[in-house]
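K.L.:
just need the structure, nothing else, for what follows:
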Amino acid sequence: MICVSLAEPTVELAKRSMFRAAERAEIVELRLDQLDHLPDAEGLASLLKDRPCPVIVTNRPVSLGGKHDQPDEVRLNTLQAAIELGADYVDVELEQVGKLQRRKASKIIVSYHNFDSTPPGLGNVFNEMAHPGADVVKVATMANSILDNLKMFEGLRHASVPCIGLCMGELGLMSRILGRKFGAMLTYAPMDPAKATAPGQVPLEDMIGLYNYRAVNSETQVYGVIGNPVAHSISPAIHNAAFRALGVNAVYVPFRVEGDVCNFIDACRGIPAQGYSITIPHKQAAMTALDEIEPICRKIGAVNTAVNRNGRLVGSNSDWTAAIGAIEAGLAGRGLAGKRVALVGAGGTARAIAFGLKAKGAVTCIYNRTPERARTLAEEVGCEWAALDALGPDLAAAVLANATSAGMYPDTDATSVPPSVLKPGMVVFDAVYNPVWTRLLCSAEEAGCTTVSGLEMFINQAVQQITTWTGREAPRELMEAVTREKLGVVE
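P.N.:
Numbers count the residues shown, from 1 in each chain. As a prediction, the model looks like this:
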């Protein structure tokens, strides 16, 4: 179930929000402790009378986020009154549960909060909280590492009672989406992100639409993007749309890994995760955590894709095939063999493209602001190199490819290539996709070049990942449409 937690200032606003929430969610939590004034008996009765869906009534002390410094006796009397009025659930702390009297069909959620950390052994915590007066056990802890989510999943797996388990904070997002897979009864989501009642809550519309939460079950396959940062990645929208279109029981989530990526990948073997996108800054380090790596990845020195094949994680790199495919499309089928290519950059993306160009028989020269890096990469690939300031009007190349971050949002006025280099008929590719029309591509368009945006590379690699993971043809048109929508690109 999805529970919308309401933190409204007045009873009237809470009632209105409850009816709105009932249109999209299965259950609502009324945070009485967030009202400007605690409701009297009449106000509480009006909240619970003719309610449109099941309701959890909560009245937290100040130490747990409540707004009112009220004695426990007063606070518990309010919860007891909710029970007498037939509230579906009341939520109370473990140390106070014995002070409530059960009535009618009302159920009691016994809750534990830790706003500092996620302790080990949560399975014991769940079971120790299974007080005789508890119908449901709730454990909410702060995630200080993405690995804390795995502690919560382990706790959920071993719980002997109906339970709610989640990690708070940005690093706990994984638990809010995947908790259902491990037996969590519900997750909390705000209708309005500005009115979230705990750090890290995923907005209701994202929980329903983006992550397809209601379809998550014990058989759901887990995929995700490993990186740091990943909060604004559009990959979840693209891949989850593809999984849904293909009818695959899978969910793709962002994994913000701050520390050792190998520890995370190894720890997730127990989920088990079925596949990953791997992005900055983990493309190189992740290689050592995988069981098998495609040979070209050794040359490139990086992976961006991993797939679970019968328990073995196999790494590949779709960056080079995605970029080369985009460039070849710009050449209108003429191929890269024998073509002179000016490749700008010597970082991870440039390495992938350089080895791809080598495989296609292109005659490549690598240009970089730091000449030593250009020379090192060129010697590995077996091609020419030069300092970036050697790019000038006399450049004789059929293709120019920018593999630097110059021009990426928010520094959209930057470019590594002077306009004098660009000539009519030249194919100009920019690996940057946000914005789609970089300063380089705008200049290339004005110069009469054929332009290829990084959007094509981005879509190509996403399509290749879906095919790698599922063994099926990816819904490219849909994935492209979602990408363009998320980036605000107008045809």
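K.L.:
so in this protein, which helix runs the longest?
P.N.:
helix 454-470 (DSSP state H).
K.L.:
any idea of the angle the helix or strand following that one forms with helix 454-470?
P.N.:
Downstream of helix 454-470, the next assigned helix or strand under DSSP states H and E is helix 476-487. Counting by axes from the mean of the first three to the mean of the last three Cα atoms, to 10 degrees, helix 476-487 lies at 130 degrees to helix 454-470.
K.L.:
can I get the longest helix of the chain in PDB? Just the C-alpha atoms.
P.N.:
Extracted in PDB, the C-alpha atoms of helix 454-470 (Å, rounded to 0.1, in the frame of the first residue of the first chain):
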ATOM      1  CA  GLY A 454      24.900  13.600 -27.300                       C
ATOM      2  CA  LEU A 455      21.200  12.800 -26.900                       C
ATOM      3  CA  GLU A 456      21.600  10.200 -29.700                       C
ATOM      4  CA  MET A 457      24.500   8.600 -27.700                       C
ATOM      5  CA  PHE A 458      22.500   8.700 -24.500                       C
ATOM      6  CA  ILE A 459      19.500   7.000 -26.100                       C
ATOM      7  CA  ASN A 460      21.600   4.400 -27.900                       C
ATOM      8  CA  GLN A 461      23.300   3.300 -24.700                       C
ATOM      9  CA  ALA A 462      20.000   3.100 -22.800                       C
ATOM     10  CA  VAL A 463      18.500   1.000 -25.500                       C
ATOM     11  CA  GLN A 464      21.500  -1.300 -25.600                       C
ATOM     12  CA  GLN A 465      21.300  -1.700 -21.800                       C
ATOM     13  CA  ILE A 466      17.600  -2.800 -21.900                       C
ATOM     14  CA  THR A 467      18.500  -5.300 -24.600                       C
ATOM     15  CA  THR A 468      21.500  -6.600 -22.600                       C
ATOM     16  CA  TRP A 469      19.300  -7.000 -19.500                       C
ATOM     17  CA  THR A 470      16.200  -8.500 -21.000                       C
END
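K.L.:
before we move on, which element is residue 379 in?
P.N.:
Using DSSP H and E, residue 379 sits within helix 371-381.
K.L.:
what's that helix packed up against?
P.N.:
Contact analysis of helix 371-381 by 3 or more Cβ pairs under 8 Å, 6 or more residues apart in numbering; DSSP states H and E lists helix 348-359, strand 363-368, strand 384-387 as its packing neighbours. All C-beta spots, glycine's among them, are computed from the backbone N, C-alpha and C.
K.L.:
out of those, flag the one nearest residue 403.
P.N.:
Taking Cβ to Cβ as the criterion, helix 348-359 is the member of those that comes nearest to residue 403, at 3.8 Å.
K.L.:
can you give the contact residues for that closest one?
P.N.:
Applying Cβ atoms under 8 Å, 6 or more residues apart in numbering, the contact partners of helix 348-359 are 280, 283-284, 296, 299-302, 317, 319-321, 323-324, 336, 341, 343-344, 364, 366, 368, 377-378, 381-383, 401, 403-404, 431.
K.L.:
what about those, which are in strands?
P.N.:
Judged by DSSP state E, those include 341, 343, 344, 364, 366, 368, 401 as members of strands.
K.L.:
so of these, which two are at opposite extremes in space?
P.N.:
Maximum distance among the ones in strands among the contacts of helix 348-359 (Cβ to Cβ): 14.4 Å, for 341 and 368.
K.L.:
for stretch 358-368, which positions count as buried?
P.N.:
358, 360, 362, 363, 364, 365, 366, 367, 368 (16 or more other Cβ atoms under 10 Å).
K.L.:
now do the contacts for the nearest residue to the last one once chain neighbours are set aside.
P.N.:
Taking Cβ to Cβ, 6 or more residues apart in numbering as the measure, residue 368 lies nearest to residue 374, with 3.7 Å between them; neighbours along the chain are not counted. With Cβ under 8 Å, 6+ apart as the criterion, the residues that contact residue 374 are 346, 366, 367, 368, 385, 386, 387, 388.
K.L.:
among these, find the lowest-pLDDT one for me.
P.N.:
Within the set of the contacts of residue 374, pLDDT is lowest for residue 346 (93).
K.L.:
which helix or strand contains that one?
P.N.:
Using DSSP H and E, no helix or strand contains residue 346.
K.L.:
these two touch, right, residue 406 and residue 412?
P.N.:
No: using Cβ atoms under 8 Å, residue 406 makes no contact with residue 412, being 9.9 Å away.
K.L.:
tell me which of these two has more neighbours.
P.N.:
A count of neighbours by other Cβ atoms under 10 Å puts residue 406 above the other of residue 406 and residue 412, at 21 against 15.
K.L.:
wait, what's in contact with that one?
P.N.:
With Cβ under 8 Å, 6+ apart, residue 406 has these contacts: 414, 415, 416, 432, 440.
K.L.:
can you list those residues in TSV and add distance to residue 217, neighbour count and secondary structure?
P.N.:
Output for those, formatted as TSV (distance: Cβ to Cβ, whole Å; neighbours: other Cβ atoms under 10 Å; DSSP: H, G, I helix; E, B strand; the rest coil):
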residue	distance to residue 217	neighbour count	secondary structure
414	47	15	coil
415	49	21	coil
416	48	20	coil
432	39	28	coil
440	47	28	helix
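K.L.:
just put those in JSON lines and tack on distance to residue 188.
P.N.:
Listed next are these as JSON lines, based on distance: Cβ to Cβ, whole Å:
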{"residue": "414", "distance to residue 188": "42"}
{"residue": "415", "distance to residue 188": "46"}
{"residue": "416", "distance to residue 188": "46"}
{"residue": "432", "distance to residue 188": "37"}
{"residue": "440", "distance to residue 188": "45"}
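K.L.:
what is the nearest of those residues to residue 172?
P.N.:
residue 432 (31.7 Å).
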